[in-house]
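Participant: Only the shape, not the letters, is given here:
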DNA sequence: TGCACCGATGTTTTT
DNA sequence: CATCGGTGCA
C-alpha cells in the first residue's frame, strides 16, 4: 500500500486536519457549505487505510452513488486502486440492498428480490384500493403511498400501527379508516411478490439486525469504521441502522450541515445531527467554518438568508476568498422571457470570460420549470443536460423491457407481470387478470404460479384463454432457462428480439415513437457498457439480477455521459446538493413556487425551503443570478406571480437589482433565426474562427447543432436536417465519432449511413439523430 | 378483448 | 400541459 503523501495532510487546514487524524471513537463534523467536508472524509479514509486499517472494515455511506464513486477514485489516487476497491461505499439503499441479497433469506425474501420503484408501489397501492372497493377520491394512492412510506421510515410496522391508537384515530379522523388494512395488504403483497420498495431496504435491514443478533454481530465486526456523509438528511430508519452497526466499536464519524437539511419530506430528521452528541459517549465535535468555494459576497449573502431560521446550530461560515461580484437579480415578464434572459446571460459570459458550458448551472425548485430553460438554450444553440426529472429508466418503453427482465429473474414480481402480460397484446385482458389476482389470493400463490397452474386450479377460463396463458408462461420459462447461460446484455437483446419490441414500437411512426426505438437501443447499449464495466470488478458476474439492482438504485446523477461533453447543467436544487459551479442561476424566485405553496403552512416547512435556498446559493463559486417573473405558465395557464419573500431576506448590499434592459427584450415573436444569425452564425461548413475556439477549450462544441427529439415539430422552418456531405466527420451523442458514408431520401425522410468507430455502421434518420458536425 | 377517444386531475422536492 | 383511467364501440 502506498504511503499517504505528506503533502496530502499539509494541504489541509487545521480544522480539517483534526477530524482526519481522529481515528478511534465517535466524532461529528459540522461542516459549512463549501468547507471541504468531502475532502475530510476522503482523507480520513485514506489515513485510516494508511495506518493499517483494512479497507474491508470501512463502511462509508454517501448520499448519492456518484458521490461514492468520486470519493472512491480520490482515495484510489492516494492509497492505490486495488485497496480502494475493497471499501464498502455507497448510498444507504445500495449498500443495504447488497447485504439483504445475502441475508434476506433469513427474513423470507429470495436473494433475487425485486426492488419496487415509486411507480411500482403506486400501481400496487392503486390496485389494492380498487380491489378493496374503496373510494379512490378519498384514498388517493399517492397520499396513501407517502403515508405508508412515512410509517416505514419511522419503523412503524403494520403491527406497530395497530398497536398505536393515535395513528389509527388520526386516519379515522381524516376519513381513511382503512389505512391500516391497505398498509397490511401492501406489505403482504410485496412480500409475496418477493419485492422490497425503497423504504423496505432500510426497514428490512433494521428487522434483520434486530431479529438476528448473529447477523448484527457479524456486520458490527465487519464494519469497524463507519462514516456517514450528509448526516443531516438521514431518517429514523437510517439512524437506527447506523446506531446498531456502530454500537460495538463506536468508531462512527458523521459529517453534515444542519443548514443544508432539505429532505424532511422524505423522513429526514434533523434531530439526528442535533442529538448526535447525546447518542454516543465522548463525542468529539469538529467544525469546519471556512468556505473555500465561494466569494465573500455569496457566503455572506447566504449567511444573511439562513439567519432567518430559528432552528439552527450556530456557526459562522466565512471565507478568505475575494469579495466578488454582487448577486444579480432580474425581473422578467414571463417564464419564456426568463429563459431567454438566462440563455443570453450565459452566452455573454461565455464570450466575456471564456467559459465552458459546464461552468454554468441553472437551478430550479420544480422539474416543470426546466421546459422554458430548455427552449431558450436550444434556440441559442447552447448544449445542456437535464438531470433528474423523468429519468431514462422511468420511460414506458424502458420499463416494459425491464419488466420482462425483472420477471425472468423473479417470477413472483407481480407488478412486472401485470405490466407485460398483455404487452405486446396477446389477448389476455383486464378481466382475465382480475380473475387471476382473485385466484392467486384464494390459493395463496403468486400471480405467476396461478397462471402456470390455471388449468389444474380449474379456473373458469375458456380453452383459448388457457392456451394464451400457457404460451405466456412458457415464454417466460424459456427465458429463465436462457438466463442461466447469458449475461444481462445478451438476455435483454434476446428478449427484445423474441418479444418483438421494436416491431411493436415501429407501429408508431411519430417522432415520439421513433424516439422510443432509440431509447430501446440506448438501453441495450447501456447494458453492454454495464457488462464491460462489470468485467473489471472481481466479485461481479454481469448477471441480469446485478444489472437490475444497479438500475433500481441508480440516480440520474449517476449516469455520466461522455466526459468530454461540455454542457450547461439543469437540475432541481435538491439534486444540486453537494455540487458546485462557477456560475449559478436560480430561477423562479417567486412566492408559491419558491417557497413552494405547499410549504407555507408550518414554520418548519418554510424553514426547510429557506435551507433549500441556502443550498442553492452556496452552489455558486463566483457568481449567482436570481430571477423572478411577473407571470408564468402553470397547468397550462398564465398565472400572476410575485417575488419570493426570500429575495428580501438577503442583505440588500449583496444584491444588484437589474431592471429590464433593452438587451434582454428580444421581441418574442421575432423569427429567432435573425437573432441567431447576427450573434451565432450557423457555420456548418467553416471551421470555427480562432476567436471562438478559445471559448471552449477541449472541443468547440457550442456552435454545433444540438438537436433534441422532443422539440421537433415538422412544420417548423428551422427543423431542416443537417447539411451532411459524404465523408464528413460527425458526432453522435451515443455512438461517438463517425464518418458519413452515404445520404439518401429527402426532407423528413432524409437518412444517412454513418460508420461509427466501435459501434459499426448505422442508418440514421437525420430528423432524429442527434448529430453534430465535427 | 382491444382500441380510440374523452375528460378529469394533478406539481414540490427523491433513494 | 400531460398523464391517467374510464367509457363506448368494433
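Facilitator: Okay, I see it. Just so we're clear, the structure is a prediction, and the values are computed from it rather than from any experiment.

Participant: All the strands of the stretch 251-400 of chain A, in order from the start?
Facilitator: Here the stretch 251-400 of chain A has its strands, by DSSP state E, counting those that start in this stretch, at A:252-256, A:284-288, A:290-291, A:318-319, A:327-332, A:360-364, A:384-386.

Participant: Can you list the strands that the longest one pairs with?
Facilitator: According to DSSP bridges, the neighbouring strands of strand A:327-332, each with its direction, are strand A:620-629 (parallel), strand A:655-658 (parallel).

Participant: what's in contact with the helix or strand sitting right after the first one along the chain?
Facilitator: Once the chain leaves strand A:620-629, the next helix or strand it forms, by DSSP states H and E, is strand A:631-634. Surrounding strand A:631-634, the residues in contact under the criterion Cβ atoms under 8 Å, 6 or more residues apart in numbering are A:333-335, A:338, A:368, A:372, A:588, A:590, A:593, A:638-641. For every residue, glycine as well, the C-beta is placed using N, CA and C.

Participant: Nearest to DNA strand B among those?
Facilitator: Nearest to DNA strand B out of the contacts of strand A:631-634 is residue A:368 (Cβ to the nearest atom of the strand; 3.9 Å).

Participant: What's the end-to-end length of stretch A:417-431?
Facilitator: 15 Å (Cα to Cα, to the nearest Å).

Participant: tell me the mean pLDDT over it?
Facilitator: Taken as a whole, stretch A:417-431 has a mean pLDDT of 85.

Participant: Tell me if it is near DNA strand C.
Facilitator: No: Stretch A:417-431 is not in contact with DNA strand C by Cβ under 7 Å from any atom of the strand; minimum separation 8.3 Å.

Participant: Pull out the buried positions in stretch A:260-277.
Facilitator: In terms of neighbour count (16 or more other Cβ atoms under 10 Å), stretch A:260-277 has its buried residues at A:260-264, A:267-270, A:272-273, A:276.

Participant: for stretch A:596-603, same thing?
Facilitator: Within stretch A:596-603, the residues scored as buried using 16+ other Cβ under 10 Å are A:596, A:599.

Participant: which residue packs closest to residue A:150, ignoring adjacent ones?
Facilitator: Spatially, and ignoring its direct neighbours in sequence, residue A:150 is nearest to residue A:267 (6.3 Å; Cβ to Cβ, 6 or more residues apart in numbering).

Participant: Quick check: the one you found touching residue A:239?
Facilitator: No: assessed by Cβ atoms under 8 Å, residue A:267 is found out of contact with residue A:239, at 10.1 Å.

Participant: Could you list which residues are in contact with residue A:395?
Facilitator: A:516, A:519.

Participant: Against residue A:586, how distant is residue A:571?
Facilitator: For residue A:571, the distance to residue A:586 equals 12 Å [Cβ to Cβ, to the nearest Å].

Participant: Find residues that contact each of these two.
Facilitator: By Cβ under 8 Å, 6+ apart, the residues touching both residue A:571 and residue A:586 are A:363-364.

Participant: quick one on the thing from earlier: please list which of the contacts of strand A:631-634 are also close to DNA strand C.
Facilitator: Among those, no residue sits close to DNA strand C (Cβ under 7 Å from any atom of the strand).

Participant: what does chain A put close to DNA strand C?
Facilitator: Taking Cβ under 7 Å from any atom of the strand as the test, the list of chain A residues beside DNA strand C reads A:123, A:126, A:130, A:136, A:633, A:635-636.

Participant: Nearest to DNA strand C among those residues?
Facilitator: DNA strand C has its nearest neighbour among the residues of chain A next to DNA strand C in residue A:636, at 3.2 Å by Cβ to the nearest atom of the strand.

Participant: was I right about residue A:39 contacting residue A:16?
Facilitator: Yes: assessed by Cβ under 8 Å, residue A:39 is found in contact with residue A:16 at 6.5 Å.

Participant: Out of the two, name the residue with the larger neighbour count.
Facilitator: Neighbours were tallied for residue A:39 and for residue A:16 using other Cβ atoms under 10 Å; the higher tally belongs to residue A:16 (24 against 20).

Participant: Would you agree the more buried one falls within a strand?
Facilitator: No: going by DSSP: H, G, I helix; E, B strand; the rest coil, the assignment for residue A:16 is helix, not a strand.

Participant: Okay, residue A:301 and DNA strand C: tell me how far apart.
Facilitator: 35 Å (Cβ to the nearest atom of the strand, to the nearest Å).

Participant: Local confidence estimate at that residue?
Facilitator: At residue A:301, the predicted lDDT confidence score is 96.

Participant: pretty sure it contacts residue A:652?
Facilitator: No: between residue A:301 and residue A:652 there is no contact under Cβ under 8 Å: 9.8 Å.

Participant: picking up where we left off before, export the strands paired with strand A:327-332 to TSV and append columns for mean pLDDT and mean neighbour count.
Facilitator: Converted to TSV, the strands paired with strand A:327-332 look like this (pLDDT from 0 to 100; neighbours: other Cβ atoms under 10 Å):
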stretch	mean pLDDT	mean neighbour count
strand A:620-629	95	25
strand A:655-658	87	15
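
Participant: closest to DNA strand B out of the ones you listed?
Facilitator: strand A:620-629 (15.9 Å).

Participant: Around DNA strand B, which positions in the stretch 351-500 of chain A sit nearby?
Facilitator: Checking the stretch 351-500 of chain A against DNA strand B by Cβ under 7 Å from any atom of the strand, the hits are A:365-368, A:388, A:422, A:425-432, A:465.

Participant: Who wins on neighbours among those?
Facilitator: residue A:365 (23 neighbours).

Participant: Over to the nearest residue to that residue once chain neighbours are set aside: give its phi and psi.
Facilitator: Among residues not flanking residue A:365 along the chain, residue A:594 sits closest, at 4.1 Å (Cβ to Cβ, 6+ apart). Torsion angles at residue A:594 (phi, psi; degrees, to the nearest 10) stand at phi -150, psi 100.

Participant: now do residue A:311
Facilitator: Main-chain dihedrals, residue A:311, degrees, to the nearest 10: phi -90, psi 110.

Participant: Excluding covalently adjacent residues, which one is nearest to it?
Facilitator: Excluding its sequence neighbours, the residue lying closest to residue A:311 (Cβ to Cβ, 6+ apart) is residue A:607, at 6.1 Å.

Participant: List the residues that contact the one you found.
Facilitator: A:309-311.

Participant: Can I get those in a markdown table including pLDDT?
Facilitator: Compiled in a markdown table, the contacts of residue A:607 are given as follows (pLDDT from 0 to 100):
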| residue | pLDDT |
| --- | --- |
| A:309 | 91 |
| A:310 | 87 |
| A:311 | 79 |
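
Participant: nearest to residue A:615, of those residues?
Facilitator: Nearest to residue A:615 among the contacts of residue A:607, counting by Cβ to Cβ, is residue A:309 at 12.6 Å.

Participant: Surely the closest one is in contact with residue A:608?
Facilitator: No: between residue A:309 and residue A:608 there is no contact under Cβ under 8 Å: 9.2 Å.

Participant: which one of the two has more residues nearby?
Facilitator: Neighbour count, other Cβ under 10 Å: between residue A:309 and residue A:608, residue A:608 has more, with 23 against 18.

Participant: Shouldn't that one be within a helix?
Facilitator: Yes: membership of residue A:608 in a helix is supported by three-state DSSP.

Participant: how near is it to residue A:651?
Facilitator: Look at residue A:608 and residue A:651: by Cβ to Cβ, they are 22 Å apart.

Participant: what's the answer for residue A:425, then?
Facilitator: Separation of residue A:425 from residue A:651 (Cβ to Cβ): 63 Å.

Participant: Over to residue A:193?
Facilitator: Residue A:193 is 55 Å from residue A:651, by Cβ to Cβ.

Participant: quick revisit: looking at residue A:301 and residue A:652, which is more packed in?
Facilitator: More crowded of residue A:301 and residue A:652, by other Cβ under 10 Å: residue A:301, with 26 against 13.

Participant: what sits against that one?
Facilitator: Counting by Cβ under 8 Å, 6+ apart, residue A:301 makes contact with A:327, A:617, A:624, A:650-651, A:654-655.
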